[in-house]
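# coordinates for the following, if possible.
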Amino acid sequence: MQNASEELVDIIDQHDNVLYQCTRKEMRAKVLRHRAVFIAVVNSAGELLIHQRSATKDLWPTWWDIAVGGVVSAGEAYDSAALRELDEEVGIAGVPLVELGVGTYSDEEVSLIGKCFMAIYDGPLILRDGEVVATEWVSKNDLPLLLAERNFLPDSKELLLSALQKMWNEVTP
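As a prediction, the model looks like this:
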């Protein structure tokens, strides 16, 4: 398996057009705009899967995340990347994805266009690739406290939280 820092990624403009390809390492070092996917995994009880990232991650190691996901590989479609990330990180395969939208996120460490999805899943989780070290299912009511207590990835929060709140408000009285 190829070292993650040597993976090729598409560098894109603000309109999601590919400009060129480079290694993930170069993309991180120069904070170049790239594609990413974010998948909110929700169970039939309406709880959200959150997870803690491993200490070996190249960005925000050991932080918590409200989404499974990651960088889209060079030439890969968003939908394919989302399905790949679900399987690699938490062992979820064969579930339909609901599109939640596309957004942009930039700060001093990352610049991306992200496509957001939701998957409903009640089965077992298998932490396959070592990128995820802990998981928890959290309710709509418990999430705000956890967001205040722990470090969570800012891109996932910005791109997914409003869509999650809307979904919860539609299904919860």
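
# mind listing the strands for the protein?
Shown for the chain, the strands assigned by DSSP state E span residues 8-12, 18-23, 33-42, 48-53, 64-65, 68-71, 98-106, 111-120, 132-138.

# return the set of buried residues in the second one.
It refers to strand 18-23. Residues 22, 23 are the ones in strand 18-23 that count as buried (16 or more other CB atoms under 10 Å). Quick note: C-beta positions are derived from backbone N, CA and C, even for glycine.

# quick one: average pLDDT of it?
For strand 18-23, mean pLDDT rounds to 97.

# can you list the strands of the chain in a markdown table and add distance to residue 86?
Formatted as a markdown table, the strands of the chain follow (distance: least, CB to CB, whole Å):
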| stretch | distance to residue 86 |
| --- | --- |
| strand 8-12 | 19 |
| strand 18-23 | 24 |
| strand 33-42 | 6 |
| strand 48-53 | 10 |
| strand 64-65 | 13 |
| strand 68-71 | 6 |
| strand 98-106 | 13 |
| strand 111-120 | 6 |
| strand 132-138 | 11 |
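
# the inter-axis angle of the longest helix anywhere in the chain versus strand 111-120?
If each helix of the chain is counted by residues according to DSSP state H, the longest one is helix 154-171. If you take axes from the mean of the first three to the mean of the last three CA atoms, to 10 degrees, helix 154-171 sits at 30 degrees to strand 111-120.

# so what does helix 154-171 touch, helix or strand wise?
Under the contact definition 3 or more CB pairs under 8 Å, 6 or more residues apart in numbering; DSSP states H and E, helix 154-171 sits against strand 33-42, strand 98-106, strand 111-120.

# and with 10 Å instead?
If you count contacts as 3 or more CB pairs under 10 Å, 6 or more residues apart in numbering; DSSP states H and E, helix 154-171 packs onto strand 33-42, strand 48-53, strand 64-65, strand 68-71, strand 98-106, strand 111-120, helix 143-149.
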